[in-house]
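Novice: with the input below, show me the fold.
(one chain, ligands or ions: 2)
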Amino acid sequence: MAVETASPLPSNITSIKTLAESPGLTSNPATHTFTPDLHGQVTSVPEGSIPVIDYSLLISGTPGQRSEIVHELGRACQDWGFFVYLFFPSFYVARKATLRTEPVINHGVPQKLLSSILDGCRGFFDLEEEEKQEFKGNHVLDPIRSGTSFNVSVEKAFYWRDFLKVFVHPVFYSPTKPAGLNEISLEYSQRVREVARGLLKGISESLGLEGSYIDKALDLERGKQIFIANLYPTCPQPELAMGMPPHSDHGLLTLLIQNGIGGLQIQHKGKWVNVGTHSNSFLVNTGDHLEILSNGRYKSVLHRAMVNSKGTRMSIAMAHGPSLDSVVSPAPELLVSGEGDEPAAYIGIKYKDYLELQQSNKLDGKSCLDRVRISAV
Ligand SMILES: O=C(O)CCC(=O)C(=O)O
Ligand SMILES: [Fe+2]
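Specialist: Numbers count the residues shown, from 1 in each chain. Ligands and ions are numbered 1, 2, ... in the order given. Below you'll find the model as predicted:
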């Protein structure tokens with residue numbers, strides 16, 4: 001893991017964007033340097049090995065297609081903890097070039113909304129530093145927080161990342177600047193939440209539970225949905241910088257989009273794998289609370305964000321969790337099987353307590369989940 005060499009964050013650095021734009025910057029400041037080179041040893045996986053799920057088949061396929069997709073979803077959660085979800089059905093993408101018509105039925109999130117939300121977030125990061133400071137927040141559970149790195153109060157070396165984090169459900173918040181972000185974010189959040197709930201229905205079924213199981217058990221009607229925009233400006237020495245360190249996400253499912261510049265890596269079978277960019281799709285990863293609920297059948301995936309020297313990368317991660325007061329523990333139905341009883345591998349924990357714990361500490365692998373793990377599974 002990284003050797004942290006410096007502390008604390010100088011008070012004049014409120015954003016990595018400003019630092020990255022300083023004239024004549026040719027090397028990373030010591031405050032933003034990790035050694036050794038963290039980028040080495042990334043495995044490339046053969047094209048097509050990352051699972052792809054076609055949502056249209058989950059929503060409106062024949063019963064046979066649907067059960068096949070549920071099975072694929074389960075396999076993706078089990079083998080990868082990660083999959084690419086197509087929001088334009090693949091048949092539409094394939095036919096678009098020849099038909100040149102707009103789809104009559106589109107089960108996904110419109111492409112235009114994706115570019116608008118990315119533009120809106122870019123507008124936020126481009127605000128003057130003082131304006132962004134208005135949305136700084138004071139506590140990890142404040143509904144709007146913006147800043148740099150992950151948690152500068154506990155870090156010794158800082159990530160090449162600025163962020164905006166906003167609670168968008170069950171109560172919708174939004175920064176008041178830039179103009180228009182509020183409306184776009186509301187629509188985007190609603191559309192993405194619908195998709196996440198559809199996926200969680202399929203995931204419930206793939207565990208052999210009722211489709212509505214997760215929805216009901218974790219009170220998703222009041223589920224916490226958190227919008228996280230990440231900005232990773234170009235970096236003079238990307239091999240010595242880190243956008244986001246290895247971590248798993250709290251919650252059930254995170255749906256991520258990016259601005260066409262890759263940087264996300266996931267850990268698969270102990271090796272780091274580049275995810276790259278996929279147009280017309282969300283990148284979906286399983287979170288710690290799906291791991292707890294499934295008693296370790298679906299492990300949350302470790303992932304990290306790398307930076308580059310060529311272009312500013314942006315990503316928007318939408319985290320979907322239980323309601324804040326839900327206590328999450330392994331589903332009792334999964335603890336009994338034909339072969340006898342299976343012990344619970346995690347203790348129950350209130351989602352709010354977990355969220356607070358994860359957000360107030362260093363982002364460090366799966367260390368937060370380890371605190372509720374009873375035995376190795
Ligand atoms: O930027 C990325 O690709 C990853 C972001 C991420 O992991 C997060 O916001 O939790
Ligand atoms: Fe993440």
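Novice: what average pLDDT does the longest helix anywhere in the chain get?
Specialist: As assigned by DSSP state H, the longest helix anywhere in the chain is helix 181-206. Per-residue pLDDT over helix 181-206 has a mean of 95.
Novice: so is that helix next to ligand 1?
Specialist: No - Helix 181-206 stays clear of ligand 1 (C-beta under 6 Å from any ligand atom), getting no nearer than 14.0 Å. Where you see a C-beta, it was placed from the backbone N, CA and C, and this is true even at glycine.
Novice: in PDB, list the C-alpha atoms belonging to the next helix or strand after that helix.
Specialist: Next helix or strand after helix 181-206 toward the C-terminus (DSSP states H and E): helix 213-217. Only the C-alpha atoms of helix 213-217 are listed here, as PDB (Å, rounded to 0.1, in the frame of the first residue of the first chain):
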ATOM      1  CA  TYR A 213     -37.300  -8.700  -0.600                       C
ATOM      2  CA  ILE A 214     -34.500  -6.200  -0.500                       C
ATOM      3  CA  ASP A 215     -36.900  -3.300  -1.200                       C
ATOM      4  CA  LYS A 216     -39.100  -4.300   1.800                       C
ATOM      5  CA  ALA A 217     -36.400  -5.500   4.200                       C
END
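Novice: looks to me like Glu155 is in a helix.
Specialist: No - under DSSP: H, G, I helix; E, B strand; the rest coil, Glu155 sits outside any helix and is assigned coil.
Novice: gap between it and Phe34?
Specialist: With the distance defined as C-beta to C-beta, to the nearest Å, Glu155 ends up 11 Å from Phe34.
Novice: how about Glu183?
Specialist: 39 Å.
Novice: how about Lys271?
Specialist: Relative to Phe34, Lys271 is positioned 19 Å away (C-beta to C-beta).
Novice: more neighbours: which of those two?
Specialist: Between Lys271 and Phe34, counted using other C-beta atoms under 10 Å, the more crowded position is Phe34 (21 against 13).
Novice: who's that one bridged to?
Specialist: Beta-bridge pairing of Phe34 under DSSP bridges involves Glu4.
Novice: likewise for Leu264?
Specialist: Here Leu264 shows beta-bridge partners Ala305, assigned using DSSP bridges.
Novice: from Tyr346, how far off is it?
Specialist: Separation of Leu264 from Tyr346 (C-beta to C-beta): 26 Å.
Novice: and if you look at Val52?
Specialist: Applying C-beta to C-beta, the value for Val52 to Tyr346 is 30 Å.
Novice: Asn308 too?
Specialist: Computed as C-beta to C-beta, the Asn308 to Tyr346 distance reads 37 Å.
Novice: and for Thr43?
Specialist: Taking C-beta to C-beta, one finds Thr43 at 29 Å from Tyr346.
Novice: repeat for Val327
Specialist: 11 Å.
Novice: which one of those two is surrounded by more residues?
Specialist: Neighbour totals were compared for Val327 and Tyr346, and Tyr346 leads with 23 against 14 (other C-beta under 10 Å).
Novice: what about the residue lying closest to Leu334 once chain neighbours are set aside, which SS state?
Specialist: Distances taken as C-beta to C-beta, 6 or more residues apart in numbering put Asn295 closest to Leu334, at 5.1 Å, once the chain neighbours are dropped. Under three-state DSSP, the three-state class of Asn295 is coil.
Novice: ok, now which ones touch Asn295?
Specialist: Shown in contact with Asn295 (C-beta atoms under 8 Å, 6 or more residues apart in numbering): Pro330, Ala331, Leu334, Leu335, Glu342, Ala344, Ala345, Tyr346, Val377.
Novice: in stretch 18-30, which residues are buried?
Specialist: By 16 or more other C-beta atoms under 10 Å, the buried positions in stretch 18-30 come out as Leu19, Ala20, Asn28.
Novice: straight-line length of that stretch, end to end?
Specialist: Start-to-end span of stretch 18-30 (C-alpha to C-alpha, to the nearest Å) is 16 Å.
Novice: before we move on, what about stretch 168-176?
Specialist: The first and final residues of stretch 168-176 sit 14 Å from each other (C-alpha to C-alpha).
Novice: and that stretch, how far out from the chain's middle?
Specialist: Its chain's C-alpha centre and that of stretch 168-176 lie 18 Å apart, by C-alpha atoms, centre = their mean, to the nearest Å.
Novice: so where's the stretch 51-200 of the chain uncertain?
Specialist: Applying pLDDT under 70 to the stretch 51-200 of the chain flags the ranges 87-108.
Novice: okay, helices next: where are they in it?
Specialist: Remark: helices assigned in the stretch 51-200 of the chain by DSSP state H, counting those that start in this stretch are 55-60, 63-79, 90-99, 111-125, 129-133, 181-206.
Novice: for Leu302, find the nearest of the ones you listed.
Specialist: Distance to Leu302, taken as C-beta to C-beta, is lowest for helix 63-79 among the helices of the stretch 51-200 of the chain, at 14.2 Å.
Novice: name the nearest residue to the closest residue to ligand 1 within the stretch 1-150 of the chain, ignoring sequence neighbours.
Specialist: Among all residues of the stretch 1-150 of the chain, Phe150 sits closest to ligand 1, at 9.1 Å; criterion: C-beta to the nearest ligand atom. Sequence neighbours aside, Leu363 is the residue nearest to Phe150 in space, at 4.7 Å (criterion: C-beta to C-beta, 6+ apart).
Novice: contact partners for the one you found?
Specialist: Contacts here follow C-beta under 8 Å, 6+ apart; on that basis Leu363 touches Phe150, Asn151, Met244, Pro245, His247.
Novice: ok, 10 Å please
Specialist: Ser149, Phe150, Asn151, Val154, Glu155, Tyr159, Met244, Pro245, Pro246, His247, Ser248, Arg304 (C-beta atoms under 10 Å, 6 or more residues apart in numbering).
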